[in-house]
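> next one to model:
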Amino acid sequence: MKFETLFTTYPIIVVYDTEFTTWEGAMERGWSGVNEHRELVQIAAQKIDLQAGVVVDSFERFVQPSINPELSDYFVQLTGITQKEVDQKGVSCAAMLSDFLQWVGESTSYAYGPSLDNKYADAAVLQENVSLSKLETELDLEKFANIYHVFRSAGFDPAPRNSGRVYEYFDLQMTRQEHNAMFDVESLVQSLFEVKRRIAN
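So this is what the prediction gives:
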């Protein structure tokens with residue numbers, strides 16, 4: 001979808017990001033190791049008004065993994081999310097998904113996957129967790145999209161940066177830890193607003 005179309009047709013959109021269980025080398029081997037799964041640990045989102053260029057609401061949940069409830073040292077170091085934080089604040093995948101879908105409502109949700117052949121980005125992780133948790137929830141994947149395509153349509157290509165580093169492409173100043181879902185969302189949202197400003201100018 002072109003940026004101008006997104007701006008005029010869908011003034012309110014959701015930008016979200018996820019963090020999920022991982023181990024050293026898991027991404028390179030496609031989580032194919034023994035008992036490796038992409039179980040959700042954190043999801044964060046912001047609902048934004050593209051026309052006004054403001055955040056109107058936010059959402060965040062920690063999720064307790066059920067297959068691998070003990071976070072790896074690699075994951076903790078990567079994300080800054082601690083075992084204590086997940087144990088104290090984490091909810092079930094079912095509860096998180098119910099809350100998230102209700103919060104999203106009829107809005108289209110955008111995550112970031114830096115490749116043209118990735119249509120749904122993190123929605124694939126959500127779908128995977130529906131299966132892992134044996135939930136009856138059915139995701140309407142047509143309501144999920146890859147915001148990388150939006151950046152590309154506006155003439156900007158932040159790949160191969162991950163979501164938490166997209167802001168660097170636009171020379172924005174942000175200080176926090178990437179691979180925290182809310183920071184990664186802020187990176188995407190502020191980059192979207194910067195695209196809007198540049199097009200307007």
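
> in the longest helix that the chain contains, which residues are buried?
Longest helix of the chain, by residue count under DSSP state H: helix 181-200. When neighbours are counted by 16 or more other C-beta atoms under 10 Å, the buried residues of helix 181-200 are found to be 181-196. For every residue, glycine as well, the C-beta is placed using N, CA and C.

> skip the chain neighbours and tell me the closest residue to V76.
Nearest non-adjacent residue to V76, counting by C-beta to C-beta, 6 or more residues apart in numbering: T82, 6.1 Å away.

> just to revisit the earlier point, need the residues that contact the longest helix of the chain.
The contact list for helix 181-200 (C-beta atoms under 8 Å, 6 or more residues apart in numbering) reads 3-4, 7, 15-19, 42-46, 48, 50, 53, 55, 58, 60, 110, 112, 147, 150-151, 154, 156, 158, 162-167, 169-170, 172, 174, 176-178.

> type out the PyMOL command that picks the buried ones from these.
Buried residues among the contacts of helix 181-200 (16+ other C-beta under 10 Å), as a PyMOL selection:
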select buried, resi 3+7+15+16+17+18+19+42+43+44+45+46+48+50+55+60+110+112+147+150+151+154+156+158+162+163+164+165+166+167+169+170+178
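
> out of the contacts of helix 181-200, list just those in helices.
Counting by DSSP H, the part of the contacts of helix 181-200 found in helices is F3, E4, F7, I147, V150, F151, V166, Y167, Y169.

> burial of D49, as a residue count?
Neighbourhood size, D49 [other C-beta atoms under 10 Å]: 13.

> please name the nearest non-neighbouring residue to V86.
F62 (5.3 Å).

> so that neighbour, which state does it fall into?
strand (DSSP: H, G, I helix; E, B strand; the rest coil).

> and stretch 103-114, how far out from the chain's middle?
In terms of C-alpha atoms, centre = their mean, to the nearest Å, the centre of stretch 103-114 is set 8 Å apart from its chain centre.

> distance between the ends of that stretch?
Terminal residues of stretch 103-114 lie 26 Å apart, using C-alpha to C-alpha, to the nearest Å.

> list the buried residues for it?
Here stretch 103-114 shows V104, T108, S109, Y110, A111, Y112, G113, P114 as buried, counting by 16+ other C-beta under 10 Å.
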